[in-house]
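Peer 1: Model the following, please.
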Amino acid sequence: MVWFTCPYKTRRIGHRKAMDLLLPILLLISGIAISIYGWKIDFPLLKFFPIVGVFLGGTQLQYWLSSPTRGRIG
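Peer 2: So this is what the prediction gives:
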């Protein structure tokens, strides 16, 4: 039996804490900024690789802002 559970596994609503949202927002903004810079200097790697960061930052931000849709398993 597990005596400790992660507090985020029992969450019922979306998080609005700055610490939870800071890194996904930073990843999203920096991915967009680097992509714009890549288009400005016409460097293909900097044009398209930051799309990964934009996707991951958006996905993580959506996770923290949305409430869970199914109950805890286990």
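Peer 1: and the most centrally placed residue in the chain, what element?
Peer 2: What sits nearest the mean C-alpha location of the chain, by CA atoms, centre = their mean, is Gln60, with 2.4 Å. Here Gln60 is covered by helix 50-65, with elements defined by DSSP states H and E.
Peer 1: Do a quick rundown of the helices in the protein.
Peer 2: Taking DSSP state H, the helices of the chain run over residues 18-41, 44-48, 50-65.
Peer 1: Kindly reformat those helices as CSV containing distance to Arg12 and mean pLDDT.
Peer 2: In short, each C-beta sits where N, CA and C put it, glycine included. Below are those laid out as CSV (distance: least, CB to CB, whole Å; pLDDT from 0 to 100):
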stretch, distance to Arg12, mean pLDDT
helix 18-41, 15, 94
helix 44-48, 38, 96
helix 50-65, 14, 94
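Peer 1: Pull out the buried residues from the helix holding Gln60.
Peer 2: Of the residues in helix 50-65, those buried under the neighbour-count criterion (16 or more other CB atoms under 10 Å) are Pro50, Gly53, Val54, Gly57, Gln60, Leu61, Trp64.
Peer 1: which residues touch the second one?
Peer 2: Neighbour list for Gly53: Leu27, Leu28, Ser30, Gly31, Ile34 [criterion: CB atoms under 8 Å, 6 or more residues apart in numbering].
Peer 1: mind checking how far the third one is from Pro50?
Peer 2: Looking back up the chat, that one is Ser30. In this structure, Ser30 and Pro50 are separated by 8 Å, where distance is defined by CB to CB, to the nearest Å.
Peer 1: now swap in the fourth one and tell me
Peer 2: Gly31 sits 4 Å away from Pro50, taking CB to CB as the criterion.
Peer 1: same question, the first one
Peer 2: Taking CB to CB as the criterion, Leu27 is separated from Pro50 by 10 Å.
Peer 1: Fine, thanks again, bye for now.
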